[in-house]
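Novice: for reference, the sequence and a predicted model appear below.
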Amino acid sequence: MEVKLLTGDITELDVDCIVNAANSDLILGSGVAGAIRKKGGDIIQEECNKIGHCDIGGAVITSGGNLKAKYVIHAVGPRYNIDKNPDKLLYNAIYNSLSLADRYNIKTIAFPAISTGIFGYPIKEASHVILKAMIDFKENLSNKIKNCYICLFTKNDFDIFSKTYEMLNNK
């Protein structure tokens with residue numbers, strides 16, 4: 001599995017699966033989730049409603065509706081100053097998303113910077129946790145994922161993730 005960083009709109013990527021920064025109730029409100037609902041259609045929310053709930057640190061999967069991506073994995077990250085053990089919960093959300101993608105034989109997947117929007121996780125800290133989970137998963141020999149993208153919305157976020165990725169790979 002190769003981890004790659006890019007900037008842009010995650011809903012426009014030509015990948016097998018995109019990851020939604022979800023809440024436990026799986027309501028596609030604003031931010032990444034709102035963009036997914038707008039471009040993917042109401043079918044994604046309807047599938048989320050049938051699932052009903054996902055614990056913090058967990059992940060569930062739906063179709064991609066009208067998106068280019070066949071699937072959407074809804075990863076529930078922590079609220080930074082509210083949930084206990086936010087690092088562990090964010091790590092689990094990423095790792096569990098990758099495990100779910102692997103079970104569905106997904107070859108290409110794209111993540112946003114989960115929990116860094118309205119959930120308030122500082123981008124620099126989140127970059128360490130997110131990339132560590134991906135690097136750890138990459139070492140899992142059974143993994144079928146070929147490309148794992150982190151799609152960042154701003155150049156500043158891209159630069160922070162790039163520095164963290166370089167640091168973690170040079171350890």
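Specialist: Yep, that arrived.
Novice: make it CA atoms for all contacts and neighbour counts henceforth
Specialist: OK.
Novice: beyond the longest helix along the chain, next helix or strand please.
Specialist: Identified as the longest helix of the chain according to DSSP state H is helix 86-103. On the C-terminal side of helix 86-103, the nearest following helix or strand under DSSP states H and E is strand 108-111.
Novice: mind checking how far that next one is from the chain centre?
Specialist: Centroid separation for strand 108-111 versus its chain: 7 Å, with C-alpha atoms, centre = their mean, to the nearest Å.
Novice: what's the average pLDDT for the helix or strand following it?
Specialist: With elements assigned by DSSP H and E, the helix or strand that comes after strand 108-111 is helix 123-138. Helix 123-138 carries an average pLDDT of 96.
Novice: tell me which helix or strand comes right after helix 123-138.
Specialist: Per DSSP H and E, the first helix or strand lying C-terminal to helix 123-138 is strand 147-152.
Novice: contacts for that next one, please.
Specialist: With C-alpha atoms under 8 Å, 6 or more residues apart in numbering as the test, strand 147-152 has contacts from 1-10, 107-113, 158.
Novice: filter the residues you listed to the buried ones?
Specialist: 1, 3, 5-7, 10, 107-113, 158 (16 or more other C-alpha atoms under 10 Å).
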